[in-house]
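Enquirer: I need the structure of the sequence given here:
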Amino acid sequence: MGQEVKSANFSEEDFILFKDKLRKETSILKNWFENDNFVSEELTCGLELEAWLVDKDYSALAENQNFLSKIQSDLVDSELAKFNIELNTVPRKAKANMLSAFHSDLTNLWQSCTQSAAELEAKLLMIGILPTLRDEQLNMSQVSPMQRYLALNEQVLNLREGKPLLIDIKKKDELNLSHDDVMLEAAATSLQIHLQVPPAKAKRYYNASLIASALTVAAGANSPYLFGNELWEETRIPLFEQAVSVASFRDKKGRNVGRVTFGTDYEHKSLLGLFLENLDGYPILLPDVSNSLPEKLANLRLHNGCIWRWNRPIIGVHSSLDSLPNLRIEHRVISAGPTLSDITANIALYLGLSHYLANLELAPEELLSFEQVRENFYSSAKDGLDAEIKWLDGEIYNIDKLLLGKLLPAAREALLELEIDSEDIDRYFDQILVERVISKRNGSAWQKAFIEKNGQDFKAMTSAYHSMQEEDLPVHKWSL
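Expert: All right, here's what the predicted structure looks like:
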């Protein structure tokens with residue numbers, strides 16, 4: 001959940017003081033890495049799921065504050081726009097019945113949210129980009145009432161010297177527009193998987209997450225349309241990158257690195273390198289100075305939360321300093337939806353792939369350059385399961401063939417190695433994920449097939465989508 005700040009207005013002194021505290025806290029973190037001062041235990045998963053509030057016509061409904069007052073759950077919070085919410089689950093060990101337990105947790109929470117939404121004559125929808133969304137709905141009158149969001153908007157525009165944010169996305173159609181605020185970010189909603197990793201293997205799991213991103217973004221693609229334009233299979237990716245486009249520094253290839261980024265390289269020593277990059281490369285957006293104990297890393301964690309890497313390192317600090325902090329990787333590349341069953345299958349895919357790649361005898365980052373992994377990711381976001389990517393053996397593969405022939409079997413074995421229940425693997429991996437890839441019917445494919453068959457009636461498509469989502473029928477089984 002986005003950390004709230006005390007004010008949307010900051011002085012030059014605030015920036016100076018925040019930078020000083022950021023340096024001191026980064027030094028503390030450096031000492032933690034040098035002394036291996038983190039929780040070292042088995043893999044643990046958590047997740048965040050973003051969703052939409054819509055009205056009877058499946059148009060975005062700006063009622064999240066009234067919704068939150070009805071649901072009154074610590075596991076549900078607002079997002080940037082008044083028509084978005086975020087659901088959270090309690091973390092679980094990556095073993096035994098973790099997958100079915102997550103599915104049950106999400107189902108119970110989703111049903112409670114659905115009931116609260118119904119009291120407002122609203123519906124809930126989980127989808128990467130709402131197909132009925134209109135550009136004019138994305139303005140600052142629709143921002144959730146949090147100082148954080150007002151401050152982010154002001155600081156992004158300050159760093160851009162008042163220049164509007166430009167959107168340029170093309171595939172079948174082409175979309176070009178400008179915005180005077182960051183509200184286009186609210187058009188993109190996602191599933192964010194948190195993987196707590198042992199410090200000794202954190203670097204390997206981070207690099208594995210980078211490599212796996214091309215596979216997970218293709219399998220989980222669910223946002224082909226924006227304002228009626230057919231764009232990338234996962235249009236969220238370029239949209240989010242451009243919606244808060246602020247150049248920070250240049251990478252070794254001379255490219256401007258933005259606040260939303262795939263990254264600049266593998267990590268070769270430890271995840272500390274990413275926090276050093278945060279310190280030296282990224283201008284401060286929210287200098288909301290915390291005077292809590294430096295060991296809480298409050299300022300460092302706030303700054304990190306304003307840098308949206310597609311695979312983001314997270315430092316978890318307990319309320320009691322007697323407990324060790326933890327290291328997490330937040331995998332942010334997958335769309336929300338289409339169903340809770342599909343979401344659980346997507347968790348299984350990321351967990352299986354990351355564990356498989358992180359534990360190969362020869363680290364895969366030695367076989368595949370970061371530049372190639374980056375290219376793989378954007379190709380997959382653009383073309384989904386039709387993408388072609390280069391793999392560890394130097395060969396070019398259609399991504400669906402690579403998954404079916406090599407990676408899904410390997411990921412399945414990795415889940416067994418983690419002692420995930422075989423019944424869960426059969427249900428979510430074999431019956432959902434494998435069948436989805438065989439049919440090449442992810443959320444984006446279904447949306448495009450519906451429009452091709454029925455014409456550009458996005459209200460009808462969203463209505464049909466919602467009906468089948470409520471049945472929790474995996475998307476590869478949906479009718480048109």
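
Enquirer: In three-state terms, label the residue nearest the centre of the chain for me.
Expert: With distances taken as Cα atoms, centre = their mean, the chain has Arg332 as the residue nearest its mean C-alpha position (2.2 Å). Arg332 falls in the strand class when you classify it by DSSP: H, G, I helix; E, B strand; the rest coil.

Enquirer: Could you double-check that it sits in contact with Ser190?
Expert: Yes: using Cβ atoms under 8 Å, Arg332 is in contact with Ser190, at 6.0 Å. In short, each C-beta sits where N, CA and C put it, glycine included.

Enquirer: hang on, the earlier thing: got a list of what the residue nearest to the centre of the chain touches?
Expert: By Cβ atoms under 8 Å, 6 or more residues apart in numbering, the contact list for Arg332 reads Ser190, Gln192, Trp308, Arg309, Trp310, Asn311, Arg312.

Enquirer: Met98 now?
Expert: Cys45, Arg92, Ile420, Asp424.

Enquirer: nearest to Asp135, of those residues?
Expert: Of all the contacts of Met98, Asp135 sits closest to Cys45, with 36.1 Å by Cβ to Cβ.

Enquirer: helix, strand or coil for the closest one?
Expert: Per three-state DSSP, Cys45 ends up strand.

Enquirer: Also the one 4 residues further on?
Expert: For Leu49, the secondary-structure state derived from three-state DSSP is strand.

Enquirer: Which residue comes closest to it once chain neighbours are left out?
Expert: Spatially, and ignoring its direct neighbours in sequence, Leu49 is nearest to Leu87 (4.6 Å; Cβ to Cβ, 6 or more residues apart in numbering).

Enquirer: For that neighbour, name its beta-bridge partners.
Expert: For Leu87, the beta-bridge partners are Leu49, Val76 (DSSP bridges).

Enquirer: so who does the closest residue to Ile237 other than its chain neighbours touch?
Expert: Once flanking residues are discounted, Ile237 sits nearest to Ala381: 4.1 Å by Cβ to Cβ, 6+ apart. Applying Cβ under 8 Å, 6+ apart to Ala381 gives the contacts Val217, Ala218, Ala221, Trp232, Glu233, Glu234, Ile237, Pro238, Val333.

Enquirer: can you redo the contacts of Arg332 as JSON lines with distance to Gly281?
Expert: Formatted as JSON lines, the contacts of Arg332 follow (distance: Cβ to Cβ, whole Å):
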{"residue": "Ser190", "distance to Gly281": "24"}
{"residue": "Gln192", "distance to Gly281": "23"}
{"residue": "Trp308", "distance to Gly281": "14"}
{"residue": "Arg309", "distance to Gly281": "12"}
{"residue": "Trp310", "distance to Gly281": "16"}
{"residue": "Asn311", "distance to Gly281": "17"}
{"residue": "Arg312", "distance to Gly281": "15"}
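
Enquirer: among those residues, which are in helices?
Expert: With helices taken from DSSP state H, there is no overlap with the contacts of Arg332.

Enquirer: From the contacts of Ala381, pick the one nearest Leu279.
Expert: Using Cβ to Cβ, Val333 is the member of the contacts of Ala381 that sits closest to Leu279, with 24.8 Å.

Enquirer: Would you confirm that that closest one contacts Ile211?
Expert: No: contact between Val333 and Ile211 fails when scored by Cβ under 8 Å: they sit 11.9 Å apart.

Enquirer: Of the two, give the one with the bigger neighbour count.
Expert: Set Val333 next to Ile211 and count neighbours by other Cβ atoms under 10 Å: Val333 wins out with 29 against 26.

Enquirer: so what's the more buried one up against?
Expert: Per Cβ under 8 Å, 6+ apart, neighbours of Val333: Ser190, Ser213, Thr216, Val217, Gly220, Glu234, Ile237, Trp310, Asn311, Phe377, Ala381.

Enquirer: How about Ile334?
Expert: By Cβ under 8 Å, 6+ apart, Ile334 lies in contact with Ser190, Leu191, Ile193, Thr216, Val217, Gly220, Asn346, Tyr350.

Enquirer: Narrow these to those that are buried.
Expert: The neighbour-count criterion (16 or more other Cβ atoms under 10 Å) marks Ser190, Leu191, Ile193, Thr216, Val217, Gly220, Asn346, Tyr350 among these as buried.

Enquirer: Is it possible to get CSV of those residues that adds distance to Ala200 and pLDDT?
Expert: Shown next, in CSV, are those (distance: Cβ to Cβ, whole Å; pLDDT from 0 to 100):
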residue, distance to Ala200, pLDDT
Ser190, 29, 98
Leu191, 28, 98
Ile193, 21, 98
Thr216, 24, 98
Val217, 28, 98
Gly220, 29, 98
Asn346, 27, 98
Tyr350, 21, 98
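
Enquirer: Tell me the spacing between the nearest residue to Thr261 once chain neighbours are set aside and Pro338.
Expert: In this structure, Thr261 finds its nearest non-sequential neighbour in Arg309, 5.7 Å apart by Cβ to Cβ, 6+ apart. In this view, Arg309 and Pro338 are 25 Å apart by Cβ to Cβ, to the nearest Å.

Enquirer: Specify which residue of those two has the higher count of neighbours.
Expert: Neighbour count, other Cβ under 10 Å: between Arg309 and Pro338, Pro338 has more, with 29 against 21.

Enquirer: related to what we said a few turns ago, take the buried ones among the contacts of Ile334 and lay them out in a markdown table including distance to Val39.
Expert: Rendered in a markdown table, the data for the buried ones among the contacts of Ile334 read as follows (distance: Cβ to Cβ, whole Å):
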| residue | distance to Val39 |
| --- | --- |
| Ser190 | 26 |
| Leu191 | 24 |
| Ile193 | 18 |
| Thr216 | 25 |
| Val217 | 29 |
| Gly220 | 29 |
| Asn346 | 26 |
| Tyr350 | 21 |
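
Enquirer: I figured the residue nearest to Thr261 hits Gly263, correct?
Expert: Yes: if you go by Cβ under 8 Å, Arg309 and Gly263 touch, sitting 5.7 Å apart.
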